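**Q** no sequence on hand, only this structure:
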């Protein structure tokens, strides 16, 4: 539970989540991994929960334009989203990428 974290703990959580954004603009699940479109949802949803108890905005923590560009790169011409640019789309990544 986010509300069980101290104010300092929430700040540390937000910094860890912010560090999930890679130079490609996408999010990864842990350090050293490639960005994956599904982590867009997991990371931003977690940050939104933590943000509600810490005075900050997602736009101050993440480069939302770069993230949007990454998601667009994961879009398939036939519709849907794949986990990475140029991957085939699937329902899981399409759901979490939207």
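**A** Arrived safely, thanks for sending. Just so it is clear, the model here is predicted, and its values are computed rather than measured.
**Q** what sits up against the longest helix anywhere in the chain?
**A** Using DSSP state H to define each element, the chain has its longest helix at helix 38-51. Residues outside helix 38-51 that contact it (Cβ atoms under 8 Å, 6 or more residues apart in numbering) are 2, 5, 10, 13-14, 17-18, 20-21, 26-29, 57-58, 61-62, 67, 70-71, 83, 92-93, 96-97. Bear in mind the C-beta positions are built from the backbone N, C-alpha and C, glycine included.
**Q** keep only those of those that are in strands.
**A** With DSSP state E as the criterion, strands contain none of these.
**Q** these, buried ones only, as a ChimeraX selection?
**A** This is how ChimeraX selects the buried members of these, with burial counted by 16 or more other Cβ atoms under 10 Å:
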select :10,13,14,17,18,20,21,26,27,28,58,61,62,67,70,71,83,93,96,97
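**Q** for the residue sitting furthest away from the middle of the chain, give me its contacts.
**A** In the chain, the residue that sits farthest from the middle, by Cα atoms, centre = their mean, is residue 78; the gap is 23.7 Å. By Cβ under 8 Å, 6+ apart, the residues touching residue 78 are residue 89.
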